[in-house]
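[1] A predicted structure for the sequence below; I have some questions about it.
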Amino acid sequence: MPIIDFHTHILPGIDDGSPDVATSLLMLDKMRKDGITHVAATPHFYADEMTIDSFLENRRAAYRQLLAAENTGITVIPGAEVYYFRGMSNADAIHSLCIGGDEVLLLELPFTDWDDSVIDEVHALTGRYTVILAHLERYIRFHRNRKKLRELMDMDLYVQVNAESVQKRSGCYEKDAVKWLKEGCAHVLGSDCHGISRRIPDLKEGRNALAAADRRIPARIDEAGRELLHRMHAFCR
């Protein structure tokens with residue numbers, strides 16, 4: 001059965017995640033030992049800082065460098081964590097940033113109070129893509145977003161929470177993140193790992209914490225993961 005980390009910064013030297021191949025291999029080694037089978041490599045994409053073409057060129061180079069270094073036994077699926085920008089639902093080339101194909105889009109929302117235009121843009125994106133909202137629990141601290149979080153959850157999309165957020169050390173996020181997963185308002189887990197000494201690959205620890213809270217949650221996560229994996233055309237084996 002596939003065990004999938006849907007959000008990582010494991011590609012070397014492309015963003016604020018792994019700085020080099022050696023670090024990436026250490027991260028993958030921990031994942032392998034933890035039983036992870038598939039990893040979505042999702043470096044940051046910021047439309048105001050880079051072009052899609054330059055991002056894809058850098059991602060391609062980092063991906064090839066990692067795959068050439070060692071066979072880790074884990075399927076690494078190229079994608080991106082795409083930061084929200086106005087009008088993105090009409091941007092023609094966004095499909096090339098999807099995870100493992102042209103359908104599954106990992107979307108990071110602004111770390112501010114949202115207005116209705118943000119919600120409308122997400123809704124428009126769901127008409128073109130299978131949207132995964134990245135670490136939705138991290139926006140709770142913006143008070144005016146709480147009502148809008150429910151509007152997002154009611155849309156035809158997937159919600160990803162960070163593995164750290166369901167562990168007791170996460171503090172303010174834990175209660176909400178676990179509650180969402182219990183209720184089926186959140187669907188998949190990602191480590192959002194950036195290195196081996198900070199923000200480490202901790203999907204296993206998160207899954208263990210969720211199993212302790214409700215033993216049914218890991219199976220639900222895995223089922224949602226399989227649904228998404230089948231939408232990643234080249235990696236659904």
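    Sure thing, it's come through. These numbers were taken from a predicted model, which means no experiment stands behind them. Numbering: from 1, shown residues only.

[2] Could I get the phi/psi values of the nearest residue to residue 187 once chain neighbours are set aside?
    Spatially, and ignoring its direct neighbours in sequence, residue 187 is nearest to residue 224 (4.1 Å; CB to CB, 6 or more residues apart in numbering). The C-beta positions use only the backbone N, C-alpha and C, and glycine is treated the same way. Main-chain torsions, residue 224, degrees, to the nearest 10: phi -60, psi -40.

[3] How many residues are close by residue 224?
    As a burial measure, residue 224 scores 21 neighbours (other CB atoms under 10 Å).

[4] For it, which residues are in contact?
    Residues in contact with residue 224 (CB atoms under 8 Å, 6 or more residues apart in numbering) are 158, 187, 188.

[5] Redo the residues you listed as TSV? Include neighbour count, distance to residue 126 and pLDDT.
    Shown next, in TSV, are the contacts of residue 224 (neighbours: other CB atoms under 10 Å; distance: CB to CB, whole Å; pLDDT from 0 to 100):
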residue	neighbour count	distance to residue 126	pLDDT
158	20	10	98
187	23	14	98
188	23	16	98
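
[6] ok, so of those residues, who is nearest residue 132?
    Nearest to residue 132 out of the contacts of residue 224 is residue 158 (CB to CB; 4.5 Å).

[7] Let me see the contact set for the closest one.
    Neighbour list for residue 158: 130, 131, 132, 133, 187, 188, 224, 228 [criterion: CB under 8 Å, 6+ apart].

[8] Who is it paired with across the strands?
    Beta bridges link residue 158 to residue 132 when assigned by DSSP bridges.

[9] Need the contact partners of the longest helix seen in the chain.
    For the chain, the longest helix by residue count, based on DSSP state H, is helix 52-69. Residues outside helix 52-69 that contact it (CB under 8 Å, 6+ apart): 10-14, 21, 24-25, 41, 43, 45, 76, 78, 80, 93-94, 96-97.

[10] Any figure for the gap between the residue nearest to residue 187 and residue 184?
    Note on residue 224: its distance to residue 184, by CB to CB, to the nearest Å, is 9 Å.

[11] what do you get for residue 152?
    Counting by CB to CB, the gap from residue 152 to residue 184 is 14 Å.

[12] and stretch 19-37, how far from the chain's centre?
    Relative to its chain's centre, stretch 19-37 lies at 17 Å (CA atoms, centre = their mean, to the nearest Å).

[13] Neighbour count for residue 152 and residue 184, which is higher?
    Taking neighbours as other CB under 10 Å, residue 152 and residue 184 compare with residue 152 leading, 22 against 12.

[14] Could you look up the SS state of the more buried one?
    With DSSP: H, G, I helix; E, B strand; the rest coil as the basis, residue 152 sits in helix.
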